[in-house]
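[1] My questions concern the predicted model and sequence given below.
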Amino acid sequence: MILTNRLFERVAPNREAKSIYIFCEGAKREFDYFEYFKELDSRINIEVYKLHPHEDNSPAGLLRIAEKCIVKTDENPSPKYNFIVGDEVWIVLDIDKDRDESRESQIQRIKEKCSVFEGWSLALSNPCFEVWLYYHLHSQKPNFENSEKCSEWKRLVNRSVKGGFDSRKHPIYIETASKNAEQSFSIVDNKPDLGCTEVYTLAKTIEPLVSSKLNRVLKQIEEK
């Protein structure tokens, strides 16, 4: 059974409700995952930035994109999004190493910016976003060879469920994923330990605002 947004009664976006702006370095998997929740409820407005192929998706590049879209300045008088007090901005990144080993310093720069900008947060996964997807399907941190490699996490997630992780249906288990990821979470050297993810902190923002509709569909599944 494919759980698309058609299972939900659409409601008109309400700008009086807070908005959540999400910037991910992945142009496909991360975008599709968070897009699932968009406009499910009038109390929440989710905007997931869609990266274009030519755009810089490095941590530094993503920060520049987020600032251009959110921060109003004399040089940027008309940002893409109308950010107001109470809104949230989330930058979702991997810890996977890059060739010139500049990623760590770029991530540190984002942390500094998030500490200055009100409502801004960073959610890191070690080594990749698939760690977050894994916890939708499993409750315990895995122990497998080459677990520091993103390619191995992708294989693990794809093997965990028939047909692989499907962003048209599996995000419905966001509450389960949040609990699993949080109970397995630990920090090492000021970053998530291997096999850990901070995306559960973003999930905790999304969960309460869509839980009633998600629970309704989960009940339908259980009754089948």
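    Arrived safely, thanks for sending.

[2] now the strands for the chain?
    Here the chain has its strands, by DSSP state E, at 19-24, 45-48, 88-94, 120-126, 187-188, 191-192, 196-197.

[3] so what pLDDT did Val11 get?
    Val11 carries a pLDDT value of 50.

[4] re the thing from before, which one, of the strands of the chain, ends up nearest to Leu214?
    Leu214 lies closest to strand 45-48 among the strands of the chain, at 13.8 Å (C-beta to C-beta). (C-beta placed from N, C-alpha, C; glycine too.)

[5] Format the CA atom coordinates belonging to the closest one as PDB.
    What follows is strand 45-48, C-alpha atoms only, in PDB (Å, rounded to 0.1, in the frame of the first residue of the first chain):
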ATOM      1  CA  ASN A  45       3.900  25.200   6.700                       C
ATOM      2  CA  ILE A  46       6.900  23.200   5.500                       C
ATOM      3  CA  GLU A  47       9.100  24.500   2.700                       C
ATOM      4  CA  VAL A  48      11.800  22.200   1.500                       C
END
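
[6] quick one: strands adjacent to it?
    Sheet pairing of strand 45-48 (DSSP bridges) gives strand 19-24 (parallel).

[7] Check which residues of the longest helix along the chain are buried.
    If you go by DSSP state H, the chain has its longest helix at helix 199-223. Across helix 199-223, burial judged by 16 or more other C-beta atoms under 10 Å covers Val199, Tyr200, Thr201, Leu202, Ala203, Ile206, Glu207, Leu209, Val210, Lys213, Leu214, Leu218.

[8] And the residues you listed, which two are furthest apart?
    Top of the distance list for those (C-beta to C-beta): Thr201 and Leu218, 22.4 Å.

[9] Endpoints of stretch 19-37, how far apart?
    12 Å (C-alpha to C-alpha, to the nearest Å).

[10] Pull out the buried positions in it.
    19-26, 29-37.

[11] Now render the strands of the chain as a markdown table, adding distance to Lys113 and mean pLDDT.
    Shown next, in a markdown table, are those (distance: least, C-beta to C-beta, whole Å; pLDDT from 0 to 100):
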| stretch | distance to Lys113 | mean pLDDT |
| --- | --- | --- |
| strand 19-24 | 12 | 96 |
| strand 45-48 | 19 | 90 |
| strand 88-94 | 9 | 97 |
| strand 120-126 | 7 | 98 |
| strand 187-188 | 20 | 96 |
| strand 191-192 | 17 | 96 |
| strand 196-197 | 21 | 98 |
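
[12] Could you say which of those strands is packed most deeply?
    Burial of the strands of the chain is given as mean neighbour count (mean count of other C-beta atoms under 10 Å); strand 196-197 ranks first at a mean of 28.

[13] hey, what's the closest residue to Cys114 other than its chain neighbours bridged with?
    Distances taken as C-beta to C-beta, 6 or more residues apart in numbering put Trp120 closest to Cys114, at 4.2 Å, once the chain neighbours are dropped. Taking DSSP bridges, one obtains Val89 as the residues bridged to Trp120.
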